[in-house]
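Trainee: Sequence and predicted structure below; questions after.
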Amino acid sequence: MTLRAVVRGVGHYLPERIVPNSELSHLVDTSDEWIKTRSGIERRHFAAEGETTSMLATHAARAALAHAGLEADDIDAIVLATSTADLTFPSAATMVQANLGMTRGFAFDVQAVCAGFVFALTNANALILSGQAKRVLVIGAETFSRLMDWTDRSTCVLFGDGAGALILEAQDQDGTSADRGILSADLHSDGRFKDLLYVDGGTSTGTIGHLRMSGKEVFRHAVEKLAETAHTALEKAGLSGEDVDWIVPHQANIRIIEGTAKRMQVPMERVVVTVQDHGNTSAASIPLALSVGYDRGQIKQGDLVVTEAIGGGLAWGSVVLRW
Ligand code: UT7
């Protein structure tokens, strides 16, 4: 018998306001055509005034709990991936804990920007395998619209807001690659690339700041590093690209998604794509895509799912799990 962290529930939440590309072309010198062809994005959701990351996260958490048929007090830990917490502290995760009425267990945030959900899943898996928790609510939630410089057309057209959540549960499995649950993970960061994608605010400036990105450079790293980390994670699980039912990638750019799938030799029919509807929601993009992919009937129990993401840091990684 081998303990595995198995998906017990999934859910997501998107703010009501949908912003099509055409709306942004009134703000900066851009066009629907440019945004669509360079990124694949057609629309994104923006949080309402006063709607915070922890609020989006709470909606997604409730949806995942309902899907799992569980109550908040059935959960031992909340791990929330975000770079846009409501406040510098306390963590958005503890705010979600309070919102859910959860009076036991523990909650904390993980900050690895767009790779945050992969890091959060890996942390949650470790909590389960080390016996710290039996059920972990893993959330990715962001309000990146709050970090945009609305005069910078090279970034402000790319990002959106949203949240997704998974519930992982400790279950005994056989100890083979046919098991349900998280089978392997592969994480990396390289701080030498910190200037390629960052927010120019924080305690050093006393301001919240704006997102700054060298898009072309990040793009180059993404295509190269994502396929490599996915390959390594698959290898650790004793699997290969042929075994993959679904790639659920970070949704930053359709060209990166296609380039990575090609390098992994996985056809696009086996990739969950939501970038057209959500834009880049940073740490929320993978759980959103998992939840939407599940709702669409794409991801089914027993399917082998590979998630991969890269973002500021640079930080990147991949998690292989059987749904
Ligand atoms: O989630 C974290 C990880 N982030 C990513 O993975 C993002 C990675 N990067 C990308 O997705 C792409 O690099 C972008 C979508 C950001 C940009 O695509 P690109 O093909 O690399 O375009 P570019 O930056 O080379 O810009 C091409 C041209 C430039 O004009 P010139 O210098 O060739 O005259 C830009 O000024 O497009 C111009 N441009 C725009 N034009 C219309 C940049 N932004 C826009 C815009 N509308 N919004």
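Mentor: In hand now; what should we look at?

Trainee: count of neighbours near M95?
Mentor: Using other C-beta atoms under 10 Å, M95 is surrounded by 23 other residues. Heads up, the C-betas are built off the backbone N, CA and C, glycines and all.

Trainee: now swap in D243 and tell me
Mentor: 15.

Trainee: I'd like to know how far the closest residue to it other than its chain neighbours sits from G259.
Mentor: In space, and not counting its chain neighbours, D243 is closest to L304: 5.4 Å by C-beta to C-beta, 6 or more residues apart in numbering. According to C-beta to C-beta, to the nearest Å, L304 and G259 sit 21 Å apart.

Trainee: Have a look at the two and say which one is more surrounded.
Mentor: With neighbours defined as other C-beta under 10 Å, L304 and G259 compare such that L304 has more, 20 against 17.

Trainee: where does the more buried one land on pLDDT?
Mentor: Per-residue confidence (pLDDT) for L304: 98.

Trainee: Give me every residue in the stretch 51-200 of the chain lying close to the ligand.
Mentor: Neighbours of the ligand within the stretch 51-200 of the chain, by C-beta under 6 Å from any ligand atom: C114, R153, S154, V157.

Trainee: where's the last one relative to V10, distance?
Mentor: For V157, the distance to V10 equals 29 Å [C-beta to C-beta].

Trainee: Spit out the contact partners of the residue nearest to D243.
Mentor: Listed by C-beta atoms under 8 Å, 6 or more residues apart in numbering, the contact partners of L304 are L239, D243, V244, D245, W246, V320, L321, R322, W323.

Trainee: Grab the nearest non-local neighbour of the first one.
Mentor: Just to be clear, that refers to L239. S177 (5.5 Å).

Trainee: now do the fourth one
Mentor: On the basis of C-beta to C-beta, 6+ apart, the spatially nearest residue to D245 that is not a chain neighbour turns out to be D303, at 3.8 Å.

Trainee: number of nearby residues for the closest residue to the ligand within the stretch 151-300 of the chain?
Mentor: Residue nearest to the ligand within the stretch 151-300 of the chain: G215 (2.9 Å; C-beta to the nearest ligand atom). Here the number of neighbours of G215 (other C-beta under 10 Å) works out to 16.
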